[in-house]
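1. Give the three-dimensional model of this entry:
(2 chains)
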Amino acid sequence: MGSSRSSLRRVPDGQQLLQETGFSAAVLLRLHQRFQFLDKDSRGHLRSEDLEAELSENPMGDRIVGAFFQPGQETVDFPSFVRVLAHFRPTEKNRTRGGEQPEPANSRNRKLKFAFQLYDRDRDGKISRTELLQVLREMLGLQVTEEQLQSIAERAIQEADLDRDHAICFDEFRKSLEKVNIDHKMSVRFLE
Amino acid sequence: MLLFGLLLLLLPAGADLSGSAAPLRGPVHASPSAPPRLLLPQPAAERGAPGVASTRSAESGDGQEEPAAAEHPHHGGGYRVVQWEWSYVQTPYVIAIWLLVASVAKILFHLSQRFTTVVPESCMLILLGLVLGGVVLLASKRQLYQLDPALFFLFLLPTIVGDAGYFMPARLFFDNLGAILTYAVVGTLWNAFCTGFCLYAAKLLGADLMDFLLFGALISAVDPVAVLAVFEEVHVNEMLFIIVFGESLLNDAVTVVLYKVYISFVEVGPQNVQTADYFKGVGDVGGTLVGLVFAVILGFITRFTKKVRIIEPLFVFLLVYLAYLTAELFSLMTFCGIGANKYVEANISQKSRTTVKYTMKTLASIAETIIFIFLGISAVDKSKWAWDTGLVSCTLVFILLFRAMGVVGQTWVLNRFRLVPLDKIDQVVMSYGGLRGAVAFALVVLLDAEQVRAKDYFVATTIVVVFFTVMFQGLTIKPLVKWLKVPRSTNRKPTINEEIHERAFDHILTAVEDIAGLQGYHHWRDKWEQFDKNYLSKMLLRKSVYRKSELWEAYQKINIRDAISVIDQVGGPDRVQTGSGSETGRSSADKRLQNQLQFSHQAELYSVLVLVPDSRPPESTQNQNWSQQATGLNIISGETEEACRPSGRSRKPSRTRTRSGFNLDRALFMEQKPSRTRTRSGFNLDRALFMEQKPSRKQINGGGRDFCNLSKICLPRRGSILFCSILFYSILFYFLSLCSFLFVLFLNFFYFVLFYCFSSSLFYSVVLSVLYFL
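-> You can find the predicted model right below:
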């Protein structure tokens, strides 16, 4: 196993990504292999169909796929692929970093921000009632009636909405989840 | 009150002694023509007595005169109106008295608040047992009662294990299953072998290696009763609790198997040990499988119990108990009741649920109390044990030492695979929380004194160890936890946002794992959920229940809970709108929520408490959206639930959504008094029912409301491989032990030890390197 720096050269922006995302070289290599596997025509970038093909029926599937692509873009290259996945790295505890360093991708704040953007599709910085309803509909779909969905959405907004604008902004979102252990709930163990 | 209690406590001794004295009068009063019957021993009655195992011989014989004498008044002398039928009622009477004593003891303890916060209940019960034992000893010069192993294993332990298993939050348990299994299997084996070997090496007592290995096996098991009793009061965070408690439940299998293997070895002699016995080592997994099979059966049966609601709880108890007994049949130890909760709770009625919960907790509480009292009593019987200072002190030192070493070693390995590493504080709590208890004692008493000549020494040592762990460690663990600032369990109420987002995160992580090509924890969990939804739930759940959604249930729960708290604050449905209660301890978020809820959710809240659908909602809500009210009524129809059930997520049977169905179900829930429900008093009655949901037994504090909203701990990404490797490792370990034992036959013990060390270290290194390089 170990780190094979030589093969890292094959990875585009390898060194920079190592530093930026905090993945180990082995994980990065593996993700690169995965990228190449998904990129069936060896084009060097992925389209949404490649990603969607991997997902089994998942209510949040298309949102996740959408999160990989920058607005307006149709392809994602390897650095962007890795940067998105870096959000899901487990947080390290007690890491002291210099004040000037940018916040790591897998910090609690960034994770929450990522999740927030999944809900907030129109990117206006707020989760409106309709957006929340959409999420609920996707998750619960056939199991509950429309009125029930409305009740749940209404209640959720009421609980979280502090400034009475009937939408949830990022701070309210973060506050409503302050007791949840985001480090666990939004982390995936990548291969070491 | 205190005096009365003390008198009551002395009752059993008195009852028994007087009871034995009474029959002697019988024949005198009865017809003198009847010849005094000779004392016939009645072994059946004794062994059948599930309450108390008494070692009386002469006294019980006395009792036999009474039935003979009792018949005589009819034909002999005069007819007696009131007779002393002691022996007829003796057994159940004494049992009932003991249960009463145990319960009154609990009441007495809780009289002093300060005392109970410092001293755990188990300590006090043991002390009480010591006192009672002393009293009985003084009174009759001989120990009359002691903890009978058959009684313990057949009646007392299943109640506790069944209660724990049934209310075990499955999600949290399976999340941490890797850690739990590791500690249970590997940790116990490590403890057992090391303790046994080191005790032998210390050259104490001159007993055999086998004897010491046997002793090491039975003293090394962490005891579920003791852990439960102590940790309940300490309130550590759920993950820590579930790991220690799960370990204590699962390691019994390992202990019992080791014990039986060594017993047969000692008894039967090396030549006759069957190789099949060694394979029982996989009993841990097998036992739980038995439990799961019965859980499926139970779920299936409760699917059809709609017409026979009144005996639903009986099914639950019977099948959980049968699961336990079946496992005992195969000499396995099962985690009975696990997995059943989800399906059974969905199928049975609300009242049955309540019945099951309270009965199980009551029984478990009583069983625990009895166990501790009898531990105390049995300790006082000097004839049963022999003291050896060296053995006792060495054992104490070794068990603490090896537990700590084992925990540290295993945690180091586990942390390489876990998402949530267990830090040093967790490890300290885990090693300190390895309490020994009644299981060890029961096993040591079961030893045959002929085969194991050092039995008396072992009994004494076990008693000391158990006392030490329960009392000393139990007393000090609370301050230790405080001092180390262990993260405590948070008693937080679930909010709908958390529920929504946690579910969303589940899906998100599954998607991420799929994209990144990782077959991780979420992947398998998702697969399991699909399987469950498509096959298992279809088979085990009632059709009407099957289609409910968990998020909706959670939402209902939250609504109802808030309804209750709003009403609680403002004291009545007519004053809902003026509610601005300032209960102490309410967070500002709650107050804000109250205010918000007042105005927009009144209709819905009120409809929860509106007891019949045709009563008029208050005028203040006339400006509300009527469709919302209608929705509220429809939605809440029949959904009756205690606020924040302590047993985690559960489904409720869905009632018909029509108004008539609503009425009927509310009536059912509200104690069949639909007329009363219209009045305020009726409302209060129902609210009392709601609020009464805190079970009397101290909730498994992990099993308490903390599990309402489980924090998900992700298993390692390599969950399945870890599993396989651990399973493989344990199987191979048993093979190695098998070879070692065979070696013993032919070679010296020295070679045996060498071989064992060599092979285990070789295997450790091979396994670890394989895992590392994978």
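
2. Phi and psi next, for the closest residue to A:Phe190 other than its chain neighbours.
-> Among residues not flanking A:Phe190 along the chain, A:Val27 sits closest, at 4.8 Å (CB to CB, 6 or more residues apart in numbering or on different chains). C-betas here are computed from N, CA, C, even on glycine. Dihedral angles of A:Val27 (phi, psi; degrees, to the nearest 10) stand at phi -60, psi -40.

3. Against B:Ile338, how distant is A:Val27?
-> The spacing between A:Val27 and B:Ile338, counted by CB to CB, to the nearest Å, is 36 Å.

4. And for B:Ala386?
-> As judged by CB to CB, B:Ala386 and B:Ile338 stand 41 Å apart.

5. what about the two, which has more around it?
-> B:Ile338 (25 against 16; other CB atoms under 10 Å in any protein chain shown).

6. How about the secondary structure of that one?
-> Following DSSP: H, G, I helix; E, B strand; the rest coil, the label given to B:Ile338 is coil.

7. show me the residues around it that make contact.
-> Going by CB atoms under 8 Å, 6 or more residues apart in numbering or on different chains, B:Ile338 touches B:Gly165, B:Tyr166, B:Met168, B:Ala170, B:Phe173, B:Thr288, B:Gly291, B:Leu292, B:Ala295.

8. switch to 7 Å and redo it
-> Applying CB atoms under 7 Å, 6 or more residues apart in numbering or on different chains, we find B:Ile338 in contact with B:Gly165, B:Met168, B:Ala170, B:Gly291, B:Ala295.

9. In helices only, show me those.
-> Counting by DSSP state H, the contacts of B:Ile338 place B:Gly165, B:Ala170, B:Gly291, B:Ala295 in helices.

10. What separation do you get for the spatially closest residue to A:Arg137 that is not a sequence neighbour and B:Gln519?
-> Excluding the flanking residues, the one nearest A:Arg137 by CB to CB, 6+ apart is A:Leu149, at 6.1 Å. The spacing between A:Leu149 and B:Gln519, counted by CB to CB, is 33 Å.

11. Tell me which of those two has more neighbours.
-> Shown here are A:Leu149 and B:Gln519; by other CB under 10 Å, A:Leu149 has more neighbours (22 against 15).

12. was I right about that one contacting A:Val135?
-> No: the criterion here is CB atoms under 7 Å, and A:Leu149 misses it with A:Val135 at 10.0 Å.

13. circling back: might you report the residue contacts of the residue nearest to A:Arg137?
-> A:Leu133, A:Leu136, A:Arg137, A:Leu140.

14. before we move on, which element is it in?
-> helix A:146-160 (DSSP states H and E).

15. mean confidence for that helix?
-> Regarding helix A:146-160, the rounded mean pLDDT is 85.

16. for stretch B:479-491, same thing?
-> pLDDT averaged over stretch B:479-491 gives 79.

17. Let's see the pLDDT reported for B:Ser103.
-> pLDDT, B:Ser103: 83.

18. tally of neighbours for the residue nearest to B:Trp387 when sequence neighbours are not counted?
-> Spatial nearest neighbour of B:Trp387, excluding adjacent residues (CB to CB, 6+ apart): B:Ala460 at 5.3 Å. As a burial measure, B:Ala460 scores 20 neighbours (other CB under 10 Å).

19. could you measure B:Ala460 against B:Ser220, distance?
-> For B:Ala460 relative to B:Ser220 (CB to CB), the value is 18 Å.

20. same deal with A:Val82?
-> Distance from A:Val82 to B:Ser220, by CB to CB: 47 Å.

21. Tell me which of these two has more neighbours.
-> B:Ser220 (29 against 25).

22. Local confidence estimate at that one?
-> On pLDDT, B:Ser220 comes in at 86.

23. which ones are touching it?
-> Under the criterion of CB under 7 Å, 6+ apart, the neighbours of B:Ser220 are B:Thr188, B:Asn191, B:Ala192, B:Thr195, B:Thr255, B:Ile399.

24. Give me the phi and psi for it.
-> phi -90, psi -10.

25. Contacts only, for A:Leu31.
-> Going by CB under 7 Å, 6+ apart, the list of residues near A:Leu31 reads A:Val82, A:Leu85, B:Ala516.

26. Lowest-confidence one in those residues?
-> Among the contacts of A:Leu31, B:Ala516 carries the weakest pLDDT, at 81.

27. In this model A:Leu85 seems to touch it, though I could be wrong.
-> Yes: look at B:Ala516 against A:Leu85 with CB under 7 Å: they come within range, at 5.9 Å.

28. Show me what residue of the stretch 1-150 of chain B gets nearest to chain A.
-> The nearest approach of the stretch 1-150 of chain B to chain A comes at B:Thr117, 26.1 Å away (CB to the nearest CB).

29. Model confidence for the closest residue in space to B:Ala221 that isn't next to it in sequence, exactly?
-> Spatial nearest neighbour of B:Ala221, excluding adjacent residues (CB to CB, 6+ apart): B:Thr255 at 3.8 Å. At B:Thr255, the pLDDT value in this model is 79.

30. quick one on the thing from earlier: so what's the residue nearest to B:Trp387 up against?
-> Going by CB under 7 Å, 6+ apart, the list of residues near B:Ala460 reads B:Trp385, B:Ala386, B:Trp387, B:Val392.

31. Wasn't it part of a helix?
-> Yes: applying three-state DSSP, one finds B:Ala460 inside a helix.

32. quick one: it and chain A, what's the gap?
-> Relative to chain A, B:Ala460 is positioned 46 Å away (CB to the nearest CB, to the nearest Å).

33. Can you report phi and psi for the residue nearest the centre of chain A?
-> Nearest residue to the geometric centre of chain A (CA atoms, centre = their mean): A:Phe114, 4.9 Å. Backbone geometry at A:Phe114, expressed as degrees, to the nearest 10, gives phi -60, psi -50.

34. where does the residue of the stretch 1-150 of chain B closest to chain A land on pLDDT?
-> The score at B:Thr117 is 74. That number is its pLDDT.

35. Just the closest residue of the stretch 451-600 of chain B to chain A, please.
-> Evaluated by CB to the nearest CB, the stretch 451-600 of chain B has B:Ser549 as its residue closest to chain A, separated by 3.7 Å.

36. In this structure that residue contacts A:Val144, no?
-> Yes: here B:Ser549 reaches A:Val144: they are 5.3 Å apart, a contact under CB under 7 Å.

37. Settle it for me: which of the two has more neighbours?
-> A:Val144 (21 against 17).

38. If anything else comes up later, I'll come back, but that's it for now.
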